[in-house]
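**Student:** Would you be able to build a 3D model of this:
(4 chains)
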Protein chains: 2
Amino acid sequence: MAENDKLTEDKIFEAATKVFIEKGMDGARMQDIANQAGINKALLHYYYRTKEKLFTTVFEITARKVFAKFAPVFDENLSLEDKIRFFFKEHIAFLQDNPRLPGFILNEVNRHPERIRKILSSVNFESFFIKLYEQHKDEFQKYNITPATLPQIMVSMAAISVFPFAAKGIIEGILGKIDMKFNDFIEERKEFAAEFVINAISK
Amino acid sequence: MAENDKLTEDKIFEAATKVFIEKGMDGARMQDIANQAGINKALLHYYYRTKEKLFTTVFEITARKVFAKFAPVFDENLSLEDKIRFFFKEHIAFLQDNPRLPGFILNEVNRHPERIRKILSSVNFESFFIKLYEQHKDEFQKYNITPATLPQIMVSMAAISVFPFAAKGIIEGILGKIDMKFNDFIEERKEFAAEFVINAISK
DNA sequence: GTCTATAGAAGGATAGAC
DNA sequence: GTCTATCCTTCTATAGAC
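**Tutor:** Down below sits the predicted model:
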């Protein structure tokens, strides 16, 4: 029974994740989710009470998964340059597997900024920055990276990695006009992005 | 009468633009738009027949306005470096005035890629790229910019400018934790972004 | 725990008076 | 051209049988 519970609840969670990512909170229908899970609508309410609760569960777990993908940058024992190469290679590969995640997260955060607060508050960003400084003290000095420019650089790195997926429809359309495939563009980007950023911070 | 027509239609259009940008197609309510315009719901249908038609009108005009903001880069008679500086200064300033536009466009395009096709098809991108090459032939050679890297560079520039606004909720949250204001971050970014990209393409 | 049936509310769209 | 009233569909949510 508890076995079966788990199965149904998981089935619902996975179905809901798929539908919410595709259509967003406002566009998703409980009926879609029930169909996707191969069960009845009433069961959704039995397990999650309301659409809002189901969505919140999906959103929080998904968003944490996404943010977790940034963490290795702070852990890996690599030189700054190799860390940048590692980041783009891994992060873009993750987005290749989950191309709709950026749009989903960004959209829901824009409409309800409070949804991200709980997640951000569980992360100690200050200590992350301090850790980075300690790990790469000498390199930061060499590259002239300061507390003022570090956030700019990190946002730029996130932008360069994430934006093509958030704007996939547009970029795909434009690339098509010059006979380029989105997937090829992304594949090239893993290396391009790393060298681009390394050059950018080298004076 | 035609005078009055115009006024009401415009009022509806402006109200709809505001509400759609805030809540998206799925989240917007005809009642919200009517309230915002200070008129009755039935009038919306009198002028625009359906919610879908009203949305399409708003989306197309808004999206064209957004894309038009990229055009000056191809026109201005400046050196490549000054063009990059010009782009970030102007484009980020535009987004400061319209911070919700990126999220709105990106989200609706993700959900309905066909909505952007008509707009993209009215733009001759190939000739834009050719024009760029002619204008900056020598500089492209000096910087070793090729047909393969130019799209990567341009997408990166769009990313660096647009992403902070598309991800405003998240970035604002993180910056707050290190006592930084989003507006200050953006103000600094106009210059940072330009020098970042110029460095990136200089070898 | 899972289903069918349905309540109850909301939202898009229209009819018809003025 | 603008309004009120209302239709009709859709959607979330619940009741109740099994």
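
**Student:** Please tell me how far the residue nearest the centre of chain A sits from residue A:123.
**Tutor:** Closest to where the C-alpha atoms of chain A average out (CA atoms, centre = their mean) is residue A:66, at 3.6 Å. Distance of residue A:66 to residue A:123, computed by CB to CB, to the nearest Å: 12 Å. To be clear about C-beta, it is placed using only N, CA and C from the backbone, and glycine gets the same treatment.

**Student:** Strands of chain A, start to end?
**Tutor:** Assigned by DSSP state E, chain A shows no strands.

**Student:** Quick check: can you list the domain ranges of it?
**Tutor:** Per automatic domain parsing, the structural domains of chain A span A:1-57, A:70-202.

**Student:** Deepest-packed of these, please.
**Tutor:** Most buried of those, by mean neighbour count (mean count of other CB atoms under 10 Å in any protein chain shown): domain A:70-202, with a mean of 17.

**Student:** can you give me how far the least confident helix or strand in chain A by mean pLDDT is from the chain middle?
**Tutor:** Among the helical and strand segments of chain A, the one scoring lowest on mean pLDDT, DSSP states H and E is helix A:72-75, with a mean of 85. Computed by CA atoms, centre = their mean, to the nearest Å, the chain-centroid distance of helix A:72-75 equals 15 Å.

**Student:** Go ahead and name everything in contact with that helix.
**Tutor:** With contact meaning CB atoms under 8 Å, 6 or more residues apart in numbering or on different chains, helix A:72-75 is reached by A:83, A:86, A:87, A:90, A:128, A:131, A:132.

**Student:** rerun that using 10 Å as the cut-off
**Tutor:** Helix A:72-75 is contacted by residues A:78, A:83-84, A:86-87, A:90-91, A:127-129, A:131-132, A:135, A:154, A:157 when judged by CB atoms under 10 Å, 6 or more residues apart in numbering or on different chains.

**Student:** does any bit of stretch A:43-55 sit next to chain B?
**Tutor:** No - Stretch A:43-55 stays clear of chain B (CB under 10 Å from any CB of the partner chain), getting no nearer than 12.9 Å.

**Student:** Can you confirm whether the longest helix along chain A lies near DNA strand D?
**Tutor:** Taking DSSP state H as the criterion, chain A has its longest helix at helix A:2-27. No - against DNA strand D, helix A:2-27 shows no contacts by CB under 7 Å from any atom of the strand, the least distance being 8.7 Å.

**Student:** Report the inter-axis angle for that helix versus helix B:2-27.
**Tutor:** 170 degrees (axes from the mean of the first three to the mean of the last three CA atoms, to 10 degrees).

**Student:** tell me the mean pLDDT for helix A:2-27?
**Tutor:** The pLDDT scores in helix A:2-27 average 91.

**Student:** Output the contacting helices and strands for it.
**Tutor:** Judged by 3 or more CB pairs under 10 Å, 6 or more residues apart in numbering or on different chains; DSSP states H and E, helix A:2-27 is in contact with helix A:30-37, helix A:41-48, helix A:51-68, helix A:101-111, helix B:2-27, helix B:101-111.

**Student:** Work out the gap between that helix and the centre of the chain.
**Tutor:** On CA atoms, centre = their mean, the centre of helix A:2-27 falls 19 Å from that of its chain.

**Student:** Name the spans of chain A whose pLDDT lies under the cut-off.
**Tutor:** For chain A, residues meeting the criterion pLDDT under 70 lie at A:1-3, A:5.

**Student:** Flag every residue of it that's near DNA strand D.
**Tutor:** Counting by CB under 7 Å from any atom of the strand, the residues of chain A close to DNA strand D are A:28, A:29, A:30, A:31, A:41, A:42, A:45, A:49, A:50, A:51, A:52.

**Student:** again, 10 Å this time
**Tutor:** Contact residues (CB under 10 Å from any atom of the strand) of chain A with DNA strand D: A:19, A:23, A:25-34, A:40-46, A:48-55.

**Student:** pull the CA atoms of stretch A:21-38 into PDB?
**Tutor:** Taking only C-alpha atoms (Å, rounded to 0.1, in the frame of the first residue of the first chain), the coordinates of stretch A:21-38 have been written out as PDB:
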ATOM      1  CA  ILE A  21       7.300  23.100 -17.500                       C
ATOM      2  CA  GLU A  22       5.500  23.000 -20.800                       C
ATOM      3  CA  LYS A  23       2.500  25.300 -20.100                       C
ATOM      4  CA  GLY A  24       3.400  27.200 -17.000                       C
ATOM      5  CA  MET A  25       1.200  27.500 -13.900                       C
ATOM      6  CA  ASP A  26      -1.500  29.500 -15.600                       C
ATOM      7  CA  GLY A  27      -1.600  27.500 -18.800                       C
ATOM      8  CA  ALA A  28      -1.500  24.100 -17.200                       C
ATOM      9  CA  ARG A  29      -4.800  22.200 -16.600                       C
ATOM     10  CA  MET A  30      -5.400  19.600 -13.800                       C
ATOM     11  CA  GLN A  31      -7.000  17.500 -16.500                       C
ATOM     12  CA  ASP A  32      -3.700  17.500 -18.600                       C
ATOM     13  CA  ILE A  33      -1.800  16.400 -15.600                       C
ATOM     14  CA  ALA A  34      -4.200  13.600 -14.800                       C
ATOM     15  CA  ASN A  35      -4.100  12.400 -18.400                       C
ATOM     16  CA  GLN A  36      -0.300  12.600 -18.400                       C
ATOM     17  CA  ALA A  37      -0.200  10.500 -15.200                       C
ATOM     18  CA  GLY A  38      -2.800   8.100 -16.500                       C
END
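
**Student:** That stretch near DNA strand C at all?
**Tutor:** Yes - using CB under 10 Å from any atom of the strand, stretch A:21-38 reaches DNA strand C at A:31, A:34, A:37, A:38.

**Student:** Which single one of those is nearest to residue B:143?
**Tutor:** Set against residue B:143, the nearest of those by CB to CB is residue A:37 (53.0 Å).

**Student:** Apart from its chain neighbours, what residue comes closest to that closest one?
**Tutor:** residue A:15 (3.6 Å; CB to CB, 6 or more residues apart in numbering or on different chains).

**Student:** any idea how far that neighbour is from residue A:76?
**Tutor:** Distance from residue A:15 to residue A:76, by CB to CB: 35 Å.

**Student:** My guess is residue A:44 contacts residue A:57. True?
**Tutor:** No - applying CB atoms under 10 Å as the test, residue A:44 and residue A:57 come out as separate, 11.6 Å apart.
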